[in-house]
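Engineer: Got a predicted structure plus its sequence, pasted below:
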Amino acid sequence: MKKKYVLVIVLAMFLVGASSFVQTFNLAKSIARGKEAYAANCQNCHMADGKGLPGAFPPLAKSNYLTKSTGELITYVLKGQTGEITVNGTVYNAVMPAQDYLTDEQIADIYNYVRNSWGNKSTVAITTAMVSKKRTELSK
Ligand code: HEC
């Protein structure tokens, strides 16, 4: 084979490899997947409109808790949440069970949906890498 062809093939292989690295995270797709995962795993308590149930389940719609660090938000799902908390001025003291059986992708998708629904807006995506990192930290 001519040297020139070998060079072209090597270059082509490099480009294919490099393009799989720079595959960008698609927030719109994550939000769409998150809507379904939310319906299956969160909606029973936090409701389809994200408003929760007064006195029992706190809202996610415009919740002041969504301004907390992404690490904290991820921890609520992996570890559950109990004890007194004040969400949008109302005190709750109930139990949210841990759902650590959800995959990193499901948790990231759910929060991308939650953070972009019912008046919430966040263009900064939660990625599977963030969830995976937190899961490792919590398991130590
Ligand atoms: C069985 C009912 C239940 C389910 C299912 C549930 N939660 Fe919760 N969640 C609660 C309760 C109750 C609290 C408040 C706990 C407390 O009083 O400390 C809470 C608190 C929260 C909070 C912090 C407060 C707020 O309202 O912003 C977030 C964020 C949250 N849940 C997200 C989720 C997500 C995401 C899912 C799905 C993966 C989910 N929850 C599933 C019951 C539930």
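Structural biologist: Here it is on my side, so go on.
Engineer: Pull up the distance across stretch 76-89, start to finish.
Structural biologist: Stretch 76-89 stretches 19 Å from its first residue to its last (CA to CA, to the nearest Å).
Engineer: So is that stretch next to the ligand?
Structural biologist: Yes - counting by CB under 6 Å from any ligand atom, the ligand is contacted by stretch 76-89 at 76-77, 81-83, 85, 87. Using the backbone N, CA and C atoms, a C-beta is placed for each residue, glycine as well.
Engineer: Centre of the chain to that stretch, how far?
Structural biologist: Remark: stretch 76-89 is offset 17 Å from the chain centroid, using CA atoms, centre = their mean, to the nearest Å.
Engineer: close enough to count as contact, residue 134 and residue 73?
Structural biologist: No - Residue 134 lies out of contact with residue 73 (CB atoms under 8 Å); the separation is 9.3 Å.
Engineer: hmm, back to that, quickly name whichever of the residues of stretch 76-89 next to the ligand is closest to residue 66.
Structural biologist: Nearest to residue 66, judged by CB to CB, of the residues of stretch 76-89 next to the ligand is residue 87 at 9.8 Å.
Engineer: Is there a neighbour count for that closest one? I'd like the number.
Structural biologist: Neighbourhood size, residue 87 [other CB atoms under 10 Å]: 17.
Engineer: That one contacts residue 67, correct?
Structural biologist: No - using CB under 8 Å, residue 87 is not in contact with residue 67, being 11.5 Å away.
Engineer: Least confident secondary structure element in this structure?
Structural biologist: helix 3-21 (a mean of 67; mean pLDDT, DSSP states H and E).
Engineer: For this protein, which segments are assigned as helices?
Structural biologist: Assigned by DSSP state H, the chain shows helices spanning 3-21, 27-41, 43-46, 70-79, 104-114, 128-139.
Engineer: quick one: the last one near the ligand?
Structural biologist: Same thing as helix 128-139. No - remark: helix 128-139 sits outside contact range of the ligand, by CB under 6 Å from any ligand atom, the gap being at least 11.4 Å.
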